[in-house]
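Colleague: Sequence first, then the predicted structure:
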Amino acid sequence: MANETLISEMNTTSYDNTTSSERMIIIYQHYFERQIIAALFIMAAIVGTTGNSLVIIAVALSKKLRTPTNVFVVNLAIADLLACTALPWQSLSVLHEDGWPLEDAYWICVASASVLITCGTCSINNLALIAVTRWVGITKPKHTAHRMRSHRTLAVMVALTWLIPCGCVLVPLVSDFGELGYEKIYSLCSWDTSNPYSMYFNILLLAIGYPVQFVTIIFCYTSIFAFVRRNNREMTMASKQRAPSVSAKVSASVSTTSLRKKLWQRKLDVTKNLVYIVLAFAVSQTPYCVVLLLYTDLSYRLTPYFAVILFCNCCVNPIIYATSHPDFKEAFRHMIKCRRREIPQSYQRNGQQKHQLTSDQTESNDKL
């Protein structure tokens with residue numbers, strides 16, 4: 001059965017004079033489209049709940065994973081985990097064509113919309129701060145990185161990732177500027193597009209939750225790439241110009257340089273992992289943001305499908321950790337095999353390397 005919805009468009013010509021037009025848009029051609037969307041929501045909720053729980057537990061069990069960057073990784077996992085709790089209600093909503101099925105519990109739909117908006121904005125805030133943390137840790141002097149890694153600074157940044165989206169969600173809850181709840185056009189719990197301020201609320205959310213963060217992310221990782229490329233070139237030139245010396249000194253120097261290169265490569269591997277996360281978020285977020293700004297027939301039809309892609313991002317990050325992040329991969333492997341004692345607690349050091357590179361490794365651990 002097709003979902004036929006009348007969409008009213010108000011073209012304001014002045015404060016006292018408005019003209020309106022209505023057109024019919026069919027969002028769902030067949031009921032099985034609703035079933036597919038509902039199934040994807042449930043699948044994302046199950047995978048996301050499991051994966052993000054593993055991320056949080058892994059950091060709790062492994063001291064090796066308790067780094068400044070992972071403060072935001074855990075915060076991101078918490079946001080995704082909360083978003084997963086709201087997805088089953090989206091499945092319930094999309095399966096019913098005639099409105100929210102739980103009439104006596106409409107607050108659940110409002111809460112579901114609030115959680116998804118809050119957690120979605122919080123997620124991209126975390127990704128931006130992860131990028132900034134990596135940028136400072138890799139390209140800036142030690143004292144700058146240490147100031148940013150202080151407990152107070154980290155606490156303030158984590159708080160801001162939540163306060164900004166919470167402030168946005170409170171706007172329609174305490175005023176008439178937008179309205180959260182069941183959206184008849186898409187049969188989803190989001191914001192009601194029939195509200196006269198719906199378009200402005202869309203713009204508010206997009207302005208606060210996307211462009212600044214995305215530009216920050218692009219700038220930070222581009223700067224890191226340029227810095228790493230320049231640093232590698234300098235290291236190569238320095239190794240070629242190094243004069244021969246006593247055999248013992250050469251051996252010690254080679255050993256030290258080799259381990260430092262391994263630590264540097266490890267930082268790059270972790271950074272690459274975080275870039276994958278950002279790319280996954282960009283692929284899922286950008287199409288949804290674009291269709292929200294386009295009030296065309298095609299954009300209306302595509303919105304629920306892009307919403308599914310956006311919400312499925314909640315379960316993508318743990319998969320990326322499990323396949324490409326060296327420390328999380330190791331921790332997950334031991335957790336799944338119930339080998340808690342083998343979960344890494346610190347970086348292994350041995351022999352002469354321990355005494356030579358203690359300060360280098362400590363600095364590297366803090367930056368990772």
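Modeller: Yes, it's here.

Colleague: any idea how far the residue nearest the centre of the chain is from Val73?
Modeller: In the chain, the C-alpha nearest the mean C-alpha coordinate belongs to Ser123, at 3.9 Å (CA atoms, centre = their mean). Ser123 sits 11 Å away from Val73, going by CB to CB, to the nearest Å. Where C-beta positions appear, they are placed from N, C-alpha and C, glycine not excepted.

Colleague: what about the stretch 151-300 of the chain, any weak spots by pLDDT?
Modeller: Applying pLDDT under 70 to the stretch 151-300 of the chain flags residues 235, 238-271, 273-274.

Colleague: Please, where are all the helices along it?
Modeller: In the stretch 151-300 of the chain, helices defined by DSSP state H, counting those that start in this stretch lie at 151-174, 198-209, 211-241, 247-293, 297-312, listed in chain order.

Colleague: Throw the ones you listed into a markdown table and include distance to Trp100, thanks.
Modeller: A markdown table is the format used below for those (distance: least, CB to CB, whole Å):
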| stretch | distance to Trp100 |
| --- | --- |
| helix 151-174 | 17 |
| helix 198-209 | 18 |
| helix 211-241 | 32 |
| helix 247-293 | 22 |
| helix 297-312 | 16 |
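
Colleague: among those, which is the most enclosed?
Modeller: Highest mean neighbour count of the helices of the stretch 151-300 of the chain: helix 297-312, a mean of 19 (counted as mean count of other CB atoms under 10 Å).

Colleague: contacting residues around the helix or strand just after that one?
Modeller: Next helix or strand after helix 297-312 toward the C-terminus (DSSP states H and E): helix 316-324. Here helix 316-324 makes contact (CB atoms under 8 Å, 6 or more residues apart in numbering) with 47-48, 50-52, 54-55, 76-77, 80, 269, 272-273, 276-277, 280, 284, 328-329, 332.

Colleague: swap the cut-off to 7 Å and go again
Modeller: Applying CB atoms under 7 Å, 6 or more residues apart in numbering, the contact partners of helix 316-324 are 51-52, 54-55, 76, 80, 273, 276-277, 280, 328-329, 332.

Colleague: Now do the buried residues in it.
Modeller: By 16 or more other CB atoms under 10 Å, the buried positions in helix 316-324 come out as Val316, Asn317, Pro318, Ile320, Tyr321, Ala322, Ser324.

Colleague: quick one, strands of the stretch 51-200 of the chain?
Modeller: 180-183, 188-191 (DSSP state E, counting those that start in this stretch).

Colleague: Put together JSON lines for those strands, with mean neighbour count and distance to Pro165 on each row.
Modeller: Listed next are the strands of the stretch 51-200 of the chain as JSON lines, based on neighbours: other CB atoms under 10 Å; distance: least, CB to CB, whole Å:
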{"stretch": "strand 180-183", "mean neighbour count": "22", "distance to Pro165": "13"}
{"stretch": "strand 188-191", "mean neighbour count": "24", "distance to Pro165": "14"}
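
Colleague: what about those, which gets the closest to Phe225?
Modeller: Closest of the strands of the stretch 51-200 of the chain to Phe225 is strand 188-191, at 36.6 Å (criterion: CB to CB).

Colleague: what helices or strands is the closest one leaning on?
Modeller: Using 3 or more CB pairs under 7 Å, 6 or more residues apart in numbering; DSSP states H and E, the elements in contact with strand 188-191 are helix 68-94, helix 106-139, strand 180-183.

Colleague: Of all the ones you listed, which one is nearest Thr216?
Modeller: Closest of the helices and strands packed on strand 188-191 to Thr216 is helix 106-139, at 4.6 Å (criterion: CB to CB).

Colleague: name the helices or strands packed onto that closest one?
Modeller: helix 68-94, helix 142-148, helix 151-174, strand 180-183, strand 188-191, helix 198-209, helix 211-241, helix 247-293.
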